[in-house]
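>>> What follows is a predicted structure for the sequence shown.
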Number of protein chains: 2
Amino acid sequence: MPANNQNNLNNGISVDCVIFGFDFEKLQILLIEREPGKKDNPLDYALPGDLIYNDENLDQAANRVLKELTGLENIYLEQSAAFGSLDRTQRESDRAWLESVRDQPDLRVITISYYSLVNINAFDPKPSSFASKLVWKPVAEIEDLAFDHFDILNQALDNLRNRLKIRPIGFNLLPEKFTLSQLHKLYEAILGRELDKRNFRRKMAKLDLVVRLDEKQQGVPHKPSNFYKFNTENYQKLIEEGYDNFGF
Amino acid sequence: MPANNQNNLNNGISVDCVIFGFDFEKLQILLIEREPGKKDNPLDYALPGDLIYNDENLDQAANRVLKELTGLENIYLEQSAAFGSLDRTQRESDRAWLESVRDQPDLRVITISYYSLVNINAFDPKPSSFASKLVWKPVAEIEDLAFDHFDILNQALDNLRNRLKIRPIGFNLLPEKFTLSQLHKLYEAILGRELDKRNFRRKMAKLDLVVRLDEKQQGVPHKPSNFYKFNTENYQKLIEEGYDNFGF
DNA sequence: GCAAAAGTGTTAACTGTACACCCATGA
DNA sequence: TCATGGGTGTACAGTTAACACTTTTGC
């Protein structure tokens, strides 16, 4: 980043990143804990986000901000929505924080939100810049967030679910080798409801998006699960053919 | 609008409106013709859009801009996407126009796009402000537009089609009384492909979204069509219940 | 042998799709 | 009486949804 970028900050436009993470248990979300120690106030948790520069486009800004605050990079971010309420940064509990990090804390800021879904175990967020502490929190337990970030989260979750209905889940979301149970749990976590095991497996088999590997789990105290990998070619083919009903 | 609003313009953020119109034939789009007379250059057609004010939110801005440029109001606008490429306003053919209407024609502007679908015959756009002439153009015939407006159009069209898959078409899109053939043509126009007449009617009947009126077309040189109206209650009920598969 | 998760088939209801003819009207 | 678009039913294929037991492993 050029040294004079500070002068090039666009004080009216920010990006916010909704990073969903999956640990084979619950759907989680990556948040900045603004006042470590002073726990259990939902308003002290915020999405990683910041102002954009004038010499970068929105996608670049989202990737840069995510990297600067969390260290995460090479994550596919999908644009979600724009938020521009006049009062979105006017909450009392957010004012002090804004004054500490912004040149013009009173300026109305419009934010463009992005979302992604990653495998929690494959990424290790490292707090930096004003993100003094980062935490993964289960989405289902979040009741509110700083600014209008709770709205942004819910919007992104809607988008993620709708996307799942018209596209199969991407390849970046699971380890290279995974079991069908893991994939099953992933779908259930995103959709927030149970899916019948047999029906799920049948559907996956029919779509031909996963390939059975000649390898099993080791050392588990139950019947070991077979590993699978994604069938990248078929995924591309399905997308290109306009197949858009994965029926979940 | 307050007189001092001119000082309150946000030079970095605009809204653009993709107004789809349906005339029971083709899906059309409302465009500003920038140089009337100098026809057939697609780059002389632009979406109605303008900078926002700092004392209005994005939805308000979209509605205001649409009204100022076209006279259209009380149209439900749905947010589509944000566009922020660095070069989106840098095309040579757009420079002169920008210089004539903007204080800071060189500034990078991020735009938030909105879309809607209206019944062409129920709205009568009146050009005003810098929109010297407005035209409806068939979407299928558009090959390019000013700025990045062709991208914005295609994005909005995608959104409209996807929306149709998870929600029934809204009530603002057809006259109060309409025939099933009109509704049928509307769906075909949006989706850009033919739908079987019998299957379409069966599906509509099952969804229970339209109510047969005791009234027929008059003076048509063929069997007169029955009029229908929307069943607003059932529409609301379906949306609330989370029914989201209209299967087209 | 027991606890724990993997893996597997069948049936019934529903949904999508393909397809062709008669009807009511104005001219 | 003809041209025009309105309106209707059926059968097949495919998809969804509900449901319970056996298998393999570590301990």
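Thanks, I have the structure now.

>>> so what's A:T111 up against?
A:I13, A:S14, A:V15, A:D16, A:G49, A:A82, A:F83, A:G84, A:R88, A:I152 (Cβ atoms under 8 Å, 6 or more residues apart in numbering or on different chains). To be clear about C-beta, it is placed using only N, CA and C from the backbone, and glycine gets the same treatment.

>>> Which one (most neighbours) among those residues?
A:V15 (28 neighbours; other Cβ atoms under 10 Å in any protein chain shown).

>>> and it, what pLDDT?
Note for A:V15: predicted pLDDT of 98.

>>> List the beta-bridge partners for it.
A:D50, A:I112 (DSSP bridges).

>>> Surely it and A:Q60 touch.
No - look at A:V15 against A:Q60 with Cβ atoms under 8 Å: they stay out of range, at 9.5 Å.

>>> so where's chain A shaky on pLDDT?
Low-confidence segments of chain A, defined by pLDDT under 70: A:1-6, A:36-39, A:170-173, A:241-248.

>>> Just read off the phi/psi values of A:I19.
Dihedral pair for A:I19: phi -100, psi 110, per degrees, to the nearest 10.

>>> Can you tell me the closest non-neighbouring residue to it?
The shortest distance from A:I19 to any non-neighbouring residue, by Cβ to Cβ, 6 or more residues apart in numbering or on different chains, is to A:L30 (4.1 Å).

>>> What helix or strand is the one you found located in?
Assigned by DSSP states H and E, A:L30 belongs to strand A:27-33.

>>> roughly how far apart are the residue nearest to A:I19 and A:L134?
From A:L30 across to A:L134, the span is 6 Å (Cβ to Cβ, to the nearest Å).

>>> who touches both of the two?
Common contact partners of A:L30 and A:L134 (Cβ under 8 Å, 6+ apart): A:P48, A:T70, A:P125.

>>> Out of those, which comes closest to A:R108?
When these are compared for distance to A:R108 (Cβ to Cβ), A:P48 wins out at 20.7 Å.

>>> State the distance from that closest one to chain B.
18 Å (Cβ to the nearest Cβ, to the nearest Å).

>>> Surely that residue touches A:L66?
Yes - using Cβ under 8 Å, A:P48 makes contact with A:L66 at a distance of 6.0 Å.

>>> which neighbours do these two share?
Looking at what touches both A:P48 and A:L66 (by Cβ under 8 Å, 6+ apart), the common residues are A:C17, A:I19.

>>> what's the neighbour count on A:P221?
Residues lying near A:P221 (other Cβ under 10 Å) number 5.

>>> er, A:F230 actually
If we define neighbours as other Cβ under 10 Å, then A:F230 has 21 of them.

>>> That one: what's it in contact with?
Contact analysis of A:F230 by Cβ under 8 Å, 6+ apart lists A:F171, A:L174, A:L209, A:V210, A:V211.

>>> could you list every residue that touches the last one?
Under the criterion of Cβ under 8 Å, 6+ apart, the contact list for A:V211 reads A:Y228, A:K229, A:F230, A:N231.

>>> Confirm that it sits in a helix.
No - the assignment for A:V211, made by DSSP: H, G, I helix; E, B strand; the rest coil, is strand rather than a helix.
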